[in-house]
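Undergrad: need coordinates for the below:
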Amino acid sequence: MTVSLFLIEAAGWAGACLILLAYILLSAGKLKGNSPAYQWMNVVGGAGFVINSGYHGAVPSVAINVAWIAIGAFALWRIYKGVKPV
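TA: Okay, the predicted model is just below:
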């Protein structure tokens, strides 16, 4: 396995772990859905999936994770602007 392929696979696994950990912490009540930590975990995790899925040509996975990143980025924008959740 080349170094670049290793990094692509590592990005995918790290993304999966981050998103799963975010959901576990949310479900356990350790994070709130409107917390920056939760949203950043999802944004970075989604980026890992985009890198891995894009390399492997999994276009539907890339598309859903780009949307996942956009949702997280929008939530972060609202958090940092001080917009209250509805």
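Undergrad: ok, the nearest residue to residue 22 once chain neighbours are set aside - contacts?
TA: Nearest residue to residue 22, sequence neighbours excluded (CB to CB, 6 or more residues apart in numbering): residue 41, at 3.8 Å. C-beta here means a position set from N, CA and C on the backbone, and glycine is covered the same way. Residue 41 makes contact with 18, 19, 21, 22, according to CB atoms under 8 Å, 6 or more residues apart in numbering.
Undergrad: try residue 8
TA: Residue 8 neighbours (CB under 8 Å, 6+ apart): 51, 52, 55.
Undergrad: in JSON lines, list the residues you listed along with secondary structure and neighbour count.
TA: Output for those, formatted as JSON lines (DSSP: H, G, I helix; E, B strand; the rest coil; neighbours: other CB atoms under 10 Å):
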{"residue": "51", "secondary structure": "helix", "neighbour count": "20"}
{"residue": "52", "secondary structure": "helix", "neighbour count": "23"}
{"residue": "55", "secondary structure": "helix", "neighbour count": "16"}
